[in-house]
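# give me a model of this one.
(2 chains)
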Amino acid sequence: MHGAHFDYLPATQDILERVGAMETIATEGGYPLAAAALQFPLHEPVVASVLTDRALARLPLSNALHVELTAHQWWWQARYDDADPSRTFETANELHLPAGRPVLLTLHADDVIHSFWVPNLHGKKDLIPGRTATVAFRADATGTYRGQCAEFCGYQHANMALLVIAEPPERYELWAAAERTSAPQPTEPLAQRGQQVFLQSTCAMCHAIAGTPANGRRAPDLTHVASRRRIGAGTLPNDPVTLSAWISDPQRIKPGVNMPAHVLPGADLQALVAYLGTLK
Amino acid sequence: MNVDATAGALAPEPRSEASVAELLHARRFGAWADAPGWLGALCTIDHKRVGRRFIVTAFGFFIAGGAVAGLMRLQLARPDSTLIGPDLYNQLFTVHGTTMMFVFAVPIMQAMGVYFVPLMLGARNIAFPRMNAYAYWVYLFGGAMLYVALVLNIGPDAGWFSYTPLAGPEYGVGKRSDFWAQLITFTEVSGLLVSIEIITTVFKLRAPGMTLNRMPLFVWAMLVTSFMIIFAMPAVMMASTSLILDRLVGTHFYNPAEGGDALLWQHLFWFFGHPEVYFIFLPGLGFVSMIVGAFAKRPVYGYVAIVLSLIATGFLSFGLWVHHMFATNVPELGKSFFTAASMVIAIPTATQIFCWIATLWTGRLVLRTPLYFILGFFFILVLGGLTGIMLSAVPLDLQIHDTFFVVAHLHYVLIGGAVFPLFGAFYYWFPKVTGRMLDETLGQWNFWLFFIGFNVAFFPMHILGLQGMPRRVYTYAAESGWGTLNLISSIGAAIIVVSVLLFIVNVARSVRSGTPAGANPWGASTLEWATESPPPPGNFHPPLAVGGREPLWEQEGIVGRVDGLKNDPPEVLVTTLLDALPHHRFAFPTPTLWPLIAAIATTVMFVSSIFTPWAVIWGTIPIAIALIAWFWPSREETEKHKRMERAP
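Below is the predicted model of the structure:
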């Protein structure tokens, strides 16, 4: 009865039987108990982990789409790269990607640490100020994938989503071509007034709209804001009602957000929302 | 109140009884006994009084941290809840994590060590008892500071690991993160001092005959833990000091814009932070070893294997820190190394679990509350360990890192691995500390409600994490579909609250009217059960000499008594490191108020230096004065020491 000592109390028959049963179980399995204990935690999971990692690292990147993704408190800035500098363009909080083609994201952080995480496409990668990271993946199926900041980054960590829309390559090219154009000049009088409101209020200090003097870099690029599905980094659906609520008092919807409240006369607000609605 | 008439008639005058008792007490225990009254209470350096205080304080912080968690569960119970805004919620989860890791778990384990290590070793007090009192006061003031800050709405809000730059000067505005960093300083000071005391007690104050390989397993666990604290704490000390410097005097350790490095913080913090998990866990394993032995009525199977496992865990735990950082850009090969190390550490823990199963299987089990908590520990810890292995695989970790899956995992490991054994330990040693048993029926309710509540609260979090719910979010949208599981989790949290309240009721009732316990109510084998319950000042009169690993079970377990030690001045026998052979007599320090005064001076400096760096300069003056007074030798005492401390 190796290892079982009963120096202090005599062992009963019952206990001896239990010791016997334990030894039988250990030997019946074909492994000595200690070897079995090593095999499970060490061998299989390590091998599985390394193989999976290797498979992920072998994604071919020769024709990859390159996007520079910069995280801010609490939104995502995306710059679509191109060999021809005039073909680069910028958008925010919504990535359109061609399905079936690899994507290489270069990750930066502007302020604090954030983490890029689109669960159905790839695991997390942190965006760390002062450091550059890359993440490569491929969306095999078309669809809309919700991503989310996964490293606590302050007040609105909970509302820092990133939509990834994987589409057939030809639809992606159409979208990209539209994104490369400047914002259309408003034709409706209401929208024209809205543009005046935008350019004469504080909006233009932080936001940019290509084709207008507005060139702020501290907040999402609004050149094609009307084509996006949601506003406030995934916080609200993008429609005129939520947009005007957001512009008037973003702190009520997303407390702590860096956008100040704008007390605009009703007519101005209506015009502004109408103008933003034309930025397809 | 019922008074027995005959007893009343036979008893002498109450007044004279009290004074006689006091006289006898003083004669019997000499300088070991504290002065009566509040001054004696403030001056005390008795490891039992300080330890008891330490335990009660840490438990108080457990309640506070739990209340904070309750508020968080209230907020998360429903989607899109507006009960608590992000500002308060961020403070709540930061204070919850900080409390549980720094102000509850590590201190309460050390406090259990402060109380029980000397008793288990047959020592008369802990080594450096004045330092011990100082460590307690510093800890108390530091913990209190955290809650004062929270109540004033300036509690830290960057998470319990305070990643820079979020906690740095640019983004961590106000004084919030300074309170966090300074709390770390308080707990560092207290933790390091207690570790030094425990190591010295273990190495030099063991009863004669208690060789290293006869030490109880809890003592081994505390010894390994104390060494780990001494090696790990300097990393976080450097980290938090540089953070304070960045915030207070404008250095740029963590500022990438000026050549600093935001990631440096994570390496320094987790080099400490991962071993910290094991500071909490190893003493828990020590409790398990003690309780399993006592309630299986046999020596724990595989003593040497368990000791080696504890030591192996101590070493391995320093090689895992990067598994908290798999999502940063660490090289792939480096990650694989940390994956392997994280998996290897399962082996020593599994070894111990097998040893306890073997002990329980071949023992005659006494199914009382302490053992129930240990059986609960097995179930929960094994689940937490298995999810730990899942997390150590990089590809899987990158998906479930920083989600509620991790929240579930860490609660399974820490509550299962440390809090369940701790409650078992409360039920097991309560009779030793108070002289009375805790109520068994309430104990059963306490256990089952805790066990069920825990699993209801935390098991759903695994699923929430796999469904993609990130941790540290103050709210979530209804369309995410996480509402039901979060509600279940909050109900579980409420059950835990009821369970802990029952425990408090049980303690409050049993302290006054529990069944008297006697010296050794469980028939256990270790030395703390050889003295009265509660143990008298000076613990053992006279100290015992030990002849085996289970002194109270073996024929030759107690081989003699130590004669010739005086109680005034309080003398102890210092023994040799390996074999515990008598080496020399040593006169112990006596109670004094200076540790408290020094702790107050230290607190003034630490708290003031949140607001001005100059406090570091002028704040040292009162500390220096207090320390000089503390160590000032009196002529009389020096004479005593000279007379006594002669080489044999």
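# give me the nearest residue to B:I244, chain neighbours excluded.
B:A181 (4.9 Å; CB to CB, 6 or more residues apart in numbering or on different chains). C-beta: built from backbone N, CA, C; applies to glycine.
# quick one: name whatever helix or strand follows the helix or strand where that neighbour lies.
Element membership for B:A181 (DSSP states H and E) is helix B:176-204. Sequence order places helix B:217-249 as the next helix or strand after helix B:176-204, per DSSP H and E.
# still on that earlier bit, the residue nearest to B:I244: neighbour count?
25 (other CB atoms under 10 Å in any protein chain shown).
# again with B:T484
10.
# can you list phi and psi of it for me?
For B:T484, the backbone dihedrals are phi -60, psi -50 (criterion: degrees, to the nearest 10).
# what of A:I231?
phi -120, psi 160.
# chain neighbours aside, what residue packs nearest to it?
A:N238 (5.0 Å).
# the helix holding B:A181 relative to helix B:217-249, how many degrees between them?
With axes from the mean of the first three to the mean of the last three CA atoms, to 10 degrees defining the directions, helix B:176-204 sits at 150 degrees from helix B:217-249.
# give the rounded mean pLDDT of helix B:176-204.
Here helix B:176-204 scores 95 as its mean pLDDT.
# got the contact list for the residue in the stretch 301-450 of chain B positioned nearest to chain A?
Relative to chain A, the nearest point of the stretch 301-450 of chain B is B:L398 (2.5 Å; CB to the nearest CB). Neighbour list for B:L398: A:122-125, B:326-327 [criterion: CB atoms under 8 Å, 6 or more residues apart in numbering or on different chains].
# ok, so of the residues you listed, who is nearest A:A92?
A:K125 (18.9 Å; CB to CB).
# excluding its backbone neighbours, what's nearest the closest one?
Closest to A:K125 by CB to CB, 6+ apart is A:V135, at 4.2 Å.
# now the one you found, what's its secondary structure?
strand (DSSP: H, G, I helix; E, B strand; the rest coil).
# same check, this time on A:H108
Looking at A:H108 with three-state DSSP, the answer is strand.
# state the number of residues packed around the residue nearest to it when sequence neighbours are not counted.
In space, and not counting its chain neighbours, A:H108 is closest to A:T70: 4.5 Å by CB to CB, 6+ apart. Close neighbours of A:T70, defined as other CB under 10 Å, add up to 19.
# swap in A:A191?
21.
# got it, and B:V236?
Count around B:V236 with other CB under 10 Å applied: 26.
# equivalent analysis for the one 5 residues further on, please.
By the criterion of other CB under 10 Å, B:T241 has 15 neighbours.
# quick check, pLDDT for it.
B:T241 is given a pLDDT of 92.
# so what's it closest to, chain neighbours aside?
For B:T241, the closest residue by CB to CB, 6+ apart turns out to be B:T185, at 7.6 Å.
# you'd agree the one you found is up against B:L243?
No. Counting by CB atoms under 8 Å, B:L243 is not a contact partner of B:T185; they are 10.4 Å apart.
# with neighbour numbers in mind, choose between those two.
Taking neighbours as other CB under 10 Å, B:T185 and B:L243 compare with B:L243 leading, 28 against 20.
# what's the separation between the more buried one and chain A?
14 Å (CB to the nearest CB, to the nearest Å).
# tell me who's in contact with that residue.
B:162, B:164, B:167-168, B:177, B:181, B:253-254, B:265.
# specify the local secondary structure of the residue nearest to A:H108.
With three-state DSSP as the basis, A:T70 sits in strand.
# what count of nearby residues applies to the residue nearest to A:K125?
23.
# same question for A:N63.
For A:N63, using other CB under 10 Å, the count is 8.
# residue contacts, it?
A:101-102.
# give me the element it is part of.
Applying DSSP H and E, one finds A:N63 in no helix or strand.
# from chain B, how far off is it?
A:N63 is 23 Å from chain B, by CB to the nearest CB.
# from the contacts of B:L243, which is closest to B:V277?
B:S162 (16.8 Å).
# what sits against the closest residue to that closest one other than its chain neighbours?
Leaving aside its chain neighbours, B:S162 sits nearest to B:W180 (5.6 Å; criterion: CB to CB, 6+ apart). By CB under 8 Å, 6+ apart, B:W180 lies in contact with B:94, B:98, B:146, B:156, B:158, B:162, B:167.
# between these, which is closest to B:A629?
B:L146 (29.0 Å).
# does the closest one count as helix, strand or coil?
Per three-state DSSP, B:L146 ends up helix.
# so for it, what's the pLDDT?
95.
# just the one 5 residues further on next, same as before
Confidence at B:V151, expressed as pLDDT, is 95.
# where's it relative to chain A, distance?
B:V151 is 21 Å from chain A, where distance means CB to the nearest CB.
# count the neighbours of the residue of the stretch 151-280 of chain A found nearest chain B for me.
Chain B sits closest to A:A158 of the stretch 151-280 of chain A, with a gap of 3.6 Å, by CB to the nearest CB. If you count neighbours by other CB under 10 Å, A:A158 ends up with 22.
# so what's it scoring on pLDDT?
93.
# still on that earlier bit, pretty sure the residue nearest to B:I244 sits against B:S240.
Yes. The pair formed by B:A181 and B:S240 meets the contact definition of CB under 8 Å, at 4.6 Å.
# check contacts around B:L466.
Counting by CB under 8 Å, 6+ apart, B:L466 has contacts B:400, B:403, B:405.
# just these: which are in helices?
When DSSP state H defines the helices, the subset of those inside them is B:400, B:405.
# among the contacts of B:L466, which ones lie close to chain A?
With CB under 8 Å from any CB of the partner chain as the criterion, the contacts of B:L466 include B:T403 near chain A.
# now the helices for chain A?
So, for chain A - with DSSP H - the helices run A:13-28, A:33-38, A:44-57, A:169-180, A:189-200, A:203-206, A:240-248, A:250-253, A:266-278.
# could I get the ones you listed as a markdown table with distance to chain B and mean pLDDT?
Below are the helices of chain A laid out as a markdown table (distance: least, CB to the nearest CB, whole Å; pLDDT from 0 to 100):
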| stretch | distance to chain B | mean pLDDT |
| --- | --- | --- |
| helix A:13-28 | 5 | 74 |
| helix A:33-38 | 5 | 60 |
| helix A:44-57 | 4 | 79 |
| helix A:169-180 | 25 | 95 |
| helix A:189-200 | 29 | 93 |
| helix A:203-206 | 18 | 92 |
| helix A:240-248 | 14 | 93 |
| helix A:250-253 | 10 | 92 |
| helix A:266-278 | 23 | 93 |
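# highest average neighbour count across those?
helix A:266-278 (a mean of 20; mean count of other CB atoms under 10 Å in any protein chain shown).
# so which elements touch that one?
helix A:189-200, helix A:240-248 (3 or more CB pairs under 8 Å, 6 or more residues apart in numbering or on different chains; DSSP states H and E).
# quick one: residues contacting A:W117.
Contacts of A:W117 (CB under 8 Å, 6+ apart): A:123-125, A:147-150, B:402, B:470.
# which of these tops the neighbour count?
Neighbour max across these (other CB under 10 Å) = A:C149, 30 neighbours.
# ok, now how distant is B:A508 from B:T620?
Separation of B:A508 from B:T620 (CB to CB, to the nearest Å): 43 Å.
# equivalent analysis for B:P256, please.
For B:P256 relative to B:T620 (CB to CB), the value is 33 Å.
# next one: B:F606
Relative to B:T620, B:F606 is positioned 11 Å away (CB to CB).
# neighbour-wise, which of the two wins?
B:F606 (21 against 14).
# can you name every helix or strand that whichever strand or helix holds the more buried one contacts?
Per DSSP H and E, B:F606 falls inside helix B:594-608. In this structure, helix B:594-608 makes packing contacts with helix B:129-151, helix B:176-204, helix B:615-618, helix B:620-631, judged by 3+ CB pairs under 8 Å, 6+ apart.
# spell out for me which residue occupies the centre of chain B.
For chain B, the residue nearest the mean C-alpha position is B:M109 (2.1 Å; CA atoms, centre = their mean).
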